[in-house]
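Q: A predicted structure for the sequence below; I have some questions about it.
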Amino acid sequence: QKEVEQNSGPLSVPEGAIASLNCTYSDRGSQSFFWYRQYSGKSPELIMSIYSNGDKEDGRFTAQLNKASQYVSLLIRDSQPSDSATYLCAGGSQGNLIFGKGTKLSVKP
Amino acid sequence: GAVVSQHPSRVICKSGTSVKIECRSLDFQATTMFWYRQFPKQSLMLMATSNEGSKATYEQGVEKDKFLINHASLTLSTLTVTSAHPEDSSFYICSASTGLGYEQYFGPGTRLTVT
């Protein structure tokens, strides 16, 4: 069974801090990884994609991938209350995306 | 780019009736479209995967005769919930993929309430 595991949270950080979200995956054949943000009552929104080992930065977001450890993470710098949402990690394999159950992030003013 | 629309955004129907939900990729051709269901405070549940011109592939436990999926063109897929019952009330979300990578772009979702 191919799985993507995330800590459900909630993860609570103060405004301005770095939020660190983590994800592990079971399928070594996974080639592409994505982070989605989902606000309550809304559909998921793609915020980051990463395909190779290392870091990828986009604004306040940094995705990190370690294929040897089967580990993906998302760092959010200078967290804002508007970042409060559920973050879904997904891994791509054989034409499908496997989604984690999501980590709920709460950024306190 | 990569915009996906869904219609309607909300629908209320009576038990026993059928409801059709449309999913359109507005600025790209979607070789594959996906349908998900999400109950309150729960995670996304994949219902089915459809490729243009082919029959949909349903996940285990999803009744294909109840949830009819049509993917007639590279920009349009429809989900019809037949003989809807109150337990079908949920948030239905489609997503689309270009097939070049694995990323999926989600529509805004349709909130279905069956009374």
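A: Sure, I can see it. Numbers count the residues shown, from 1 in each chain, chains lettered A, B, ... in the order given.
Q: And chain B, is the lowest-mean-pLDDT helix or strand in chain A touching that?
A: Between all helices and strands in chain A, the lowest mean by mean pLDDT, DSSP states H and E belongs to strand A:96-99, at a mean of 87. Yes: Strand A:96-99 is in contact with chain B by Cβ under 8 Å from any Cβ of the partner chain, via A:96, A:97, A:99. To be clear about C-beta, it is placed using only N, CA and C from the backbone, and glycine gets the same treatment.
Q: Test my guess that the second one contacts residue A:91.
A: Translated: residue A:97. Yes: checked against Cβ atoms under 8 Å, the pair residue A:97 and residue A:91 is within contact range at 7.0 Å.
Q: which of the two has more neighbours?
A: Between residue A:97 and residue A:91, counted using other Cβ atoms under 10 Å in any protein chain shown, the more crowded position is residue A:91 (26 against 23).
Q: hang on, the earlier thing: which residues are in contact with each of residue A:97 and residue A:91?
A: With contacts taken as Cβ atoms under 8 Å, 6 or more residues apart in numbering or on different chains, the residues that reach both residue A:97 and residue A:91 are residue A:34.
Q: Show the residue spans covered by the strands in the chain.
A: Just going to use chain A. Per DSSP state E, chain A has strands spanning A:4-6, A:11-14, A:19-25, A:32-38, A:45-50, A:54-58, A:61-66, A:71-76, A:85-93, A:96-99, A:103-108. These are given in chain order.
Q: not what I meant, chain B
A: B:4-7, B:10-13, B:19-25, B:32-38, B:45-51, B:57-58, B:67-73, B:76-81, B:90-97, B:105-106, B:110-114.
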